[in-house]
Each structure stands twice: as C-alpha cells, then as structure tokens.
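# okay, here's the prediction I keep looking at, along with the sequence it came from:
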Amino acid sequence: MSRANLGTIDPDTTGGTALATNLTAFEQALLTQHSDGTGTRPTYAVAKTIWVNDSVTPWIVNMYDGTDDIAIGTIDIAGNKFIPGSSAAAVFADIKQAASTTATGAVELATQAEVNAGTGTNLAVTSTTLNTGVLGLTLKNYKETVDTNATATGAVTLNMNNGNVHNLTLTGNVTLTFSNAATAGLRSELMINLVQDATGSRIVTWPAAVKWAGGTAPTLTTTAAATDIMTLFTIDAGTTWFGSVIGLNLS
C-alpha cells in the first residue's frame, strides 16, 4: 500500500537519486492503486483518478470525478473476483432504468400505463406493477390449478395457495374452512366441486362467514356419485364470503 505525490519536478534541484526515489514511490502508488488503508481519497487525486479503498472488505474501487468519488466496483479478495458496482443492490440499480427510460444495454421498465395498454416491446415488468393491477387485460386459453381431495371427510381446509378450484370427493360429512384469501380490497374466488362418493348422503357444513341468497345454504344433492358446484368470493380477506350455486345434481 502506498501513496506518493510527485508534484512538480524541478531538474535544477532534484538530483538523480532523489528523482529515482520519488519515481519509485509513485510507481508503488500506481501499482497499489493509491491505497493506504485509510479509506480516504488521495489528496493529489484529480478527475479520472482511480483509487482503491482497502480499509473495508470487500475493497471498493473508486473513480474521482473531480468532485465526488464514484464506486465502480468491489474486489472480493476471498473469492478472487471483481464485482461491478458498490454492491449487488447497486449493480441492479446501475443497470436498470426508470420506467419509460431507454438505454442501450440496460433494462427498461414498463410503466403502469404501458402495461395496461399492452404497448411497448422488450420491457420488464415488476411485481409491484402487476400487483397494482392491469387494466383491459386479455387472456386466451388460460389454465387454473385444480386442488383435488379424493377422500374429503371431517375438517377440510381449502387453501387458496393450492388453487382457486377445489374438487372434493365426499367420503364422509365435511366441515369446510377457507385459508389464504387475498388481502382486503382484493377479490378472491373459490369454485368448489362437491362429488358424493358411491355411498352418498354426505353433508357439508359451511363456515359461518359464508352468506347465501335468502340467508340459507343450498340443499346439496346426496345421491351417490352426484355432483354439485358452488362458487364463493370475498373482498375483505375472508371475513365475509358470498356463495352462490353454479349447478346442483349435475349429471
């Protein structure tokens, strides 16, 4: 580690030995990237001077722009590698661009309006943008996961993380609960296929939070192998569910 400032060399006062000493010192400063363990910029730095802060781990490679130091990367001594940017977060911040910003070789983020309108090409979309909602979205041939329980009996929880469509074969009386509905202000919907087993006469008890037309739950078909289909939705994270019948005794 070394730093040295040659300053202005006066040939009338600087002899060969002194000059050699100064040049050797400056050579060491160049070879060690002006690092001295203090973490401060060399006092003789000028714009475009590159210097290494080796007082921290990993080392930080800086370029002085005449006013401030710009971290252009870090040196991982243990891993023997150079990482562009001052950190992983900084690397991402450096290569990504603000919404609607175009930069060669950089990632361009789509604005919410561009996502809604379906305009622009080769744009990146963030999870925040998607979670905010997409207006006028057109879907074709989309698919939904079906969560199947072939031996539904007793207490059964329909977990929305497993799917919005649940297919239950009732092998006994069932008491239903629902979990992982979307947060309040967003709509969650369940479609439930209730299939009687070969015995039939299975009864379903709904959560108290479910509201039905007229205040009464529909009477399910109890014939063996019969299928009833219900749909329920909530907009308050499951505090209240609104249920309706899609079809009874479908065959």
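Here it is on my side, so go on.
# give the buried residues for the helix or strand hosting residue 26.
For residue 26, the enclosing helix or strand under DSSP states H and E is helix 16-31. Along helix 16-31, these residues count as buried under the neighbour rule (16 or more other CB atoms under 10 Å): 22, 26, 29. Every residue, glycine included, has its C-beta placed from N, CA and C.
# tabulate those (JSON lines), appending pLDDT and distance to residue 195.
Converted to JSON lines, those look like this (pLDDT from 0 to 100; distance: CB to CB, whole Å):
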{"residue": "22", "pLDDT": "75", "distance to residue 195": "91"}
{"residue": "26", "pLDDT": "76", "distance to residue 195": "85"}
{"residue": "29", "pLDDT": "77", "distance to residue 195": "81"}
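# next helix or strand past the helix or strand of the chain with the lowest mean pLDDT?
In the chain, no helix or strand scores lower on mean pLDDT, DSSP states H and E than helix 88-95, which sits at a mean of 51. Counting by DSSP H and E, the element after helix 88-95 in chain order, helix or strand, is helix 112-117.
# please name every helix or strand in contact with that next one.
Where contact means 3 or more CB pairs under 8 Å, 6 or more residues apart in numbering; DSSP states H and E, helix 112-117 is packed against helix 127-132.
# partner strands of the next helix or strand after the helix it packs on, with direction?
Per DSSP H and E, the first helix or strand lying C-terminal to helix 127-132 is strand 146-159. Partners of strand 146-159 in the sheet, by DSSP bridges, are strand 165-179 (parallel).
# quick one: buried residues of the strand it pairs with?
Result for strand 165-179 [16+ other CB under 10 Å]: buried residues 165-171, 174, 176, 178.
# cool, and stretch 74-84?
Buried residues in stretch 74-84 (16+ other CB under 10 Å): 74-75, 83.
# quick check: strands, which of these are part of them?
The strands, defined by DSSP state E, take in 74-75, 83 from these.
# wait, which of those residues is closest to residue 195?
residue 83 (56.5 Å; CB to CB).
# who touches the closest residue to residue 56 other than its chain neighbours in this structure?
Distance criterion CB to CB, 6 or more residues apart in numbering; nearest residue to residue 56, sequence neighbours excluded, is residue 39 at 6.6 Å. Applying CB atoms under 8 Å, 6 or more residues apart in numbering, we find residue 39 in contact with 53-56.
# ok, residue 150 next?
So residue 150 contacts residue 169 (CB under 8 Å, 6+ apart).
# per-residue pLDDT, it?
On pLDDT, residue 150 comes in at 97.
# give me the distance from stretch 185-194 to the chain's centre.
How far stretch 185-194 lies from its chain's middle: 25 Å, per CA atoms, centre = their mean, to the nearest Å.
# how about that stretch, which residues are buried there?
Using 16+ other CB under 10 Å as the burial criterion, the residues of stretch 185-194 that qualify are 188, 190-194.
# could I get these as CSV with secondary structure?
Shown next, in CSV, are these (DSSP: H, G, I helix; E, B strand; the rest coil):
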residue, secondary structure
188, strand
190, strand
191, strand
192, strand
193, strand
194, strand
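# residue ranges in the stretch 51-200 of the chain under the pLDDT threshold?
For the stretch 51-200 of the chain, the stretches with pLDDT under 70 are 86-107, 130-131.
# figure out how far stretch 175-194 is from the centre of its chain.
That offset, for stretch 175-194, works out to 24 Å (CA atoms, centre = their mean).
# what's the end-to-end length of that stretch?
Terminal residues of stretch 175-194 are spaced 13 Å apart (CA to CA, to the nearest Å).
# what's the answer for stretch 44-51, then?
For stretch 44-51, the end-to-end distance is 11 Å (CA to CA).
# swap in stretch 32-47?
Termini of stretch 32-47 sit 18 Å apart (CA to CA).
# okay, buried residues for that stretch please.
In stretch 32-47, counting by 16+ other CB under 10 Å, buried: 33-36, 42, 45.
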